[in-house]
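Participant: How does the following fold in three dimensions:
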Amino acid sequence: MAYDLTTLKNGLRVVGEQMEGIRTVSVGVMVRVGAVNESPAENGYSHFIEHMVFKGTKELSTAQLADEMDRLGGATNAFTAKESTCFYTKVMDEHLERGIKLLSDLVLHPVFLEDELEREKGVVLEEIAMCEDTPEDLVHELLFDAQYAGHPLGQRILGSEENIQNATRDKLFAFMEKHYIPQNAVVSVAGKYDWDHVLSLLEKYFGAWESREHAAPKMEPCEEISASIFKEKDTEQVQICVGYPGYPGDAPESYPQLILSTLFGGAMSSRLFQSIREKHGMAYNVYSYLNIYSGIGNMELCAGTSPETAQKVADLMAEEVKKLLETGVEQDEVDKARESTKISVVMGQENSAGRMRGNGNVLLLYNVTRGMEEIMEKLDKVTVEEVNAAARRIFTAPPCFAVVGPEGENIDFSAFKMQ
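Facilitator: Reported below is the predicted structural model:
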């Protein structure tokens with residue numbers, strides 16, 4: 001796949017991918033700042049700023065921003081991740097300039113009015129409370145608390161109630177001044193567009209974004225530890241998560257790791273699903289999945305089950321881990337998982353918004369492009385030996401555990417210990 005690729009005079013990187021047969025274009029402004037880039041006192045600022053830019057700019061009030069977004073008729077929004085914040089819009093191709101102008105207004109010209117700031121604090125605090133009240137979400141947060149204690153990845157995207165309450169206009173603007181610079185950002189475009197027109201619009205609306213020296217963020221290594229966190233909650237189910245260290249997104253082993261996760265708990269024929277749900281009927285949701293970052297990765301094994309069967313489910317998880325290490329995987333199992341992995345990747349990239357996010361994220365974090373054909377080719381080349389090697393590396397590392405629910409502290413995870 002040939003990408004349109006350039007860097008503006010101020011250091012802002014731009015990646016584009018033209019897509020045939022569609023009328024939409026997606027544009028995203030991605031800034032490499034998230035929870036991992038925040039000091040403990042700033043934790044939550046990236047996400048709070050993502051909220052606040054929609055509460056008024058130098059040109060548009062909150063109501064006028066909402067009106068313009070509706071008039072564009074597409075989807076304009078933002079999200080914050082551990083390593084990045086993204087502001088994006090998806091519009092009809094004839095509205096490209098209005099979409100880019102709107103994004104530049106959000107990113108470069110927010111005003112953070114005091115009354116809006118105080119009002120939005122309440123919204124974010126409710127979001128924090130919602131996570132605490134949602135066991136399926138909370139258990140993942142607790143697993144990160146255990147696995148990354150003292151590491152930037154252990155900081156929550158939403159931050160703490162105290163930090164949000166103490167946030168001020170000056171603190172948020174100082175945070176933006178430090179991180180929101182063109183060298184620390186990428187604009188990604190995908191869909192129907194003319195490249196020369198895109199560049200002229202970006203120069204018009206982002207060309208004055210002030211450039212200055214900036215050291216590229218780098219994910220620090222993390223010590224592999226074994227730790228457990230239990231959260232007592234009066235719920236019908238017990239949520240169990242087991243976390244293992246994995247491979248980062250730019251590691252060659254990331255492709256065998258993808259297939260491993262699929263065959264272990266990412267498909268209906270996967271080992272966890274077949275054992276815990278199909279054979280024993282002890283869980284509706286049981287799965288594995290990957291968290292992949294620029295310098296670190298991990299694999300989570302998760303299940304929700306009744307308090308009466310929680311210990312048995314934990315033991316069955318450990319049993320499947322040990323079986324895999326003892327006997328390895330076979331070619332047919334790898335082939336099935338490969339196809340499931342490929343279709344999952346492709347489905348997430350079959351629209352302009354998916355391509356925009358994927359292309360922008362790779363350029364932002366790794367400063368390279370990675371086309372769909374390249375990904376498919378590397379998945380096709382993964383061997384049984386590579387999957388087994390990834391399994392040995394991941395599942396012989398010390399695991400961490402998180403449990404949310406009634407009497408979760410009584411679950412014994414000693415079955416996970418490798419002899």
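Participant: From here on, just use CA atoms for contacts and neighbour counts.
Facilitator: Fine.
Participant: Relative to Y293, how far out is the residue nearest to the spatial centre of the chain?
Facilitator: Centroid check for the chain by C-alpha atoms, centre = their mean gives A81 as the closest residue, at 5.2 Å. In this view, A81 and Y293 are 10 Å apart by C-alpha to C-alpha, to the nearest Å.
Participant: got a list of what the residue nearest to the centre of the chain touches?
Facilitator: Counting by C-alpha atoms under 8 Å, 6 or more residues apart in numbering, A81 touches 34-35, 157.
Participant: mind running it again at 10 Å?
Facilitator: For A81, the contact set (C-alpha atoms under 10 Å, 6 or more residues apart in numbering) comprises 32-36, 46-47, 156-158.
Participant: Also G207?
Facilitator: 8-12, 182, 199-201.
Participant: and if you look at L260?
Facilitator: Applying C-alpha under 10 Å, 6+ apart, the residues contacting L260 are 254, 266, 270, 288-289, 299, 329, 333-334, 337-338, 341, 384, 386-388, 390-391, 394.
Participant: Strands of the stretch 301-419 of the chain, residue ranges please.
Facilitator: 400-404 (DSSP state E, counting those that start in this stretch).
Participant: Could you point out which residue ranges in it have low pLDDT?
Facilitator: Across the stretch 301-419 of the chain, the ranges flagged by pLDDT under 70 are 419.
Participant: The stretch 1-150 of the chain too?
Facilitator: In the stretch 1-150 of the chain, residues with pLDDT under 70: 1.
Participant: what separates the residue nearest to T396 when sequence neighbours are not counted from K322, distance-wise?
Facilitator: Leaving aside its chain neighbours, T396 sits nearest to M418 (6.8 Å; criterion: C-alpha to C-alpha, 6 or more residues apart in numbering). Note on M418: its distance to K322, by C-alpha to C-alpha, is 8 Å.
Participant: Overlap of the contact sets of those two?
Facilitator: 395-396.
Participant: export the contacts of A81 to TSV and tack on distance to D105?
Facilitator: Shown next, in TSV, are these (distance: C-alpha to C-alpha, whole Å):
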residue	distance to D105
R32	19
V33	19
G34	20
A35	24
V36	26
S46	17
H47	18
R156	27
I157	24
L158	24
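Participant: List the ones among these that fall in strands.
Facilitator: Assigned to strands by DSSP state E, none of the contacts of A81 qualify.
Participant: ok, and the most crowded of the residues you listed?
Facilitator: Among the contacts of A81, S46 has the most neighbours (other C-alpha atoms under 10 Å), with 30 neighbours.
Participant: how close does that one get to L108?
Facilitator: Counting by C-alpha to C-alpha - S46 and L108 are separated by 15 Å.
Participant: same question, W209
Facilitator: Taking C-alpha to C-alpha, one finds W209 at 7 Å from L108.
Participant: what's the answer for T24, then?
Facilitator: T24 is 24 Å from L108, by C-alpha to C-alpha.
Participant: same deal with M347?
Facilitator: Distance of M347 to L108, computed by C-alpha to C-alpha: 33 Å.
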